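Trainee: Pasting a predicted model and its sequence here:
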Amino acid sequence: MPDHHIVAIANQKGGVGKTTTAINLGAALAFGGHQTILIDLDPQGNASTGLGIDADKRTHTVYDLLVGPDSLETVAQDTNIENLQIVPATPDLASADVELSNAADRTRLLRSKLQKVESNKIILIDCPPALGLLTVNAMVAANSVLVPLQAEFYALEGLSQLLTSVRQVRQTANPGLRVNGVLLTMSDYRNNLSQQVEADARATLGDLIYPTVIPRNVRVSEAPSHAKPVLVYDPHSKGSAAYRQFAVEFAARLNLNLEAA
Ligand code: ADP
Ligand code: MG
């Protein structure tokens with residue numbers, strides 16, 4: 001699927017900024033005029049909640065896309081942000097892992113539903129905090145993987161596990177899979193450990209690490225309870241500025257144009 005822009009946002013650790021990145025990157029791309037669809041692939045449904053999709057509006061979900069006859073068009077719904085759609089998730093997605101474990105094509109379910117996506121659309125897949133069947137489905141469907149990495153002591157160890165999974169998927173179901181990059185998140189510049197981890201990560205991984213680092217910022221953590229990306233909740237916050245800058249770098253890696261806002 002060479003012309004598609006399907007990016008899995010993955011890290012098997014929870015709480016590292018996957019969902020926050022998915023929501024704010026999605027919003028920034030949408031603000032820049034790019035038609036973007038965020039697929040919430042986490043049974044916790046944080047991306048759905050964070051974009052204001054209440055439980056009663058989750059009638060067509062990613063579960064229906066994976067195991068039912070639904071197409072992307074029937075499960076993607078509009079958000080309050082122009083150009084940004086979401087495929088919401090509900091807790092029943094958790095059972096998909098078990099239900100599908102014996103299906104012959106179990107790792108290619110999402111890929112088969114994304115085959116016909118138009119190349120002008122950007123698809124971001126917010127993965128759950130595990131390297132199970134759901135994340136594998138995302139990696140098999142994607143052109144590349146974006147890894148949010150929280151600057152903390154064991155971060156690089158976890159990253160090597162994730163990169164092993166990427167390699168396995170590349171050797172089997174999806175030879176074209178690339179690593180889009182690693183985004184350092186929740187960085188605290190007053191903290192020596194954050195700086196040390198960033199230095200180690202840059203020394204080990206070089207240009208794979210995005211130049212922009214997302215700082216720990218209280219406005220970012222407040223935004224989900226207002227059901228908005230921080231880009232909308234407080235566009236003037238440090239967190240918003242960092243996510244806008246990151247989005248420009250991200251778009252460049254996809255050969256897309258995004259004006260710095
Ligand atoms: P994941 O999807 O990897 O589990 P989240 O994006 O949900 O991680 O982030 C975990 C928690 O940290 C959430 O409560 C979120 O609001 C908060 N958070 C994420 N990024 C930041 C940040 N840059 N500054 C402050 N809080 C953040
Ligand atoms: Mg999440």
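Mentor: Sure, I can see it. Ligands and ions are numbered 1, 2, ... in the order given.

Trainee: ok and the residue in the stretch 101-250 of the chain nearest ligand 2?
Mentor: Asp126 (6.0 Å; C-beta to the ion). For glycine as for every other residue, the C-beta is placed from the backbone atoms N, C-alpha and C.

Trainee: The residue nearest to that residue when sequence neighbours are not counted: what's it in contact with?
Mentor: Leaving aside its sequence neighbours, Asp126 sits nearest to Ala22 (C-beta to C-beta, 6 or more residues apart in numbering; 3.9 Å). Contacts for Ala22 (C-beta atoms under 8 Å, 6 or more residues apart in numbering) come out as 9, 38, 47, 124-126.

Trainee: I'd like to know how far Ala22 sits from Glu198.
Mentor: Taking C-beta to C-beta, to the nearest Å as the measure, Ala22 and Glu198 are separated by 22 Å.

Trainee: Could you do Ala141 as well?
Mentor: When distance is defined by C-beta to C-beta, Ala141 is 31 Å away from Glu198.

Trainee: Report the secondary structure state of Met139.
Mentor: Three-state call for Met139 (DSSP: H, G, I helix; E, B strand; the rest coil): helix.

Trainee: Next, give phi and psi for the nearest residue to Asp78 once chain neighbours are set aside.
Mentor: Counting by C-beta to C-beta, 6+ apart, Gln85 is the residue found nearest to Asp78 once chain neighbours are left out, at 5.8 Å. Recorded main-chain torsions at Gln85 are phi -110, psi 160, according to degrees, to the nearest 10.

Trainee: cool, and Glu222?
Mentor: Listed backbone geometry of Glu222 is phi -80, psi -30, with angles given as degrees, to the nearest 10.

Trainee: helix or strand for Ala96, which one?
Mentor: With elements taken from DSSP states H and E, the one containing Ala96 is helix 93-99.

Trainee: Same question for Leu183.
Mentor: Secondary structure here is read from DSSP H and E; on that basis Leu183 sits in strand 178-185.

Trainee: The helix or strand just after that strand - contacts with which helices or strands?
Mentor: Next in sequence after strand 178-185, counting helices and strands by DSSP H and E, comes helix 192-205. Taking 3 or more C-beta pairs under 8 Å, 6 or more residues apart in numbering; DSSP states H and E as the contact definition, the neighbouring helices and strands of helix 192-205 are helix 155-171, strand 178-185.
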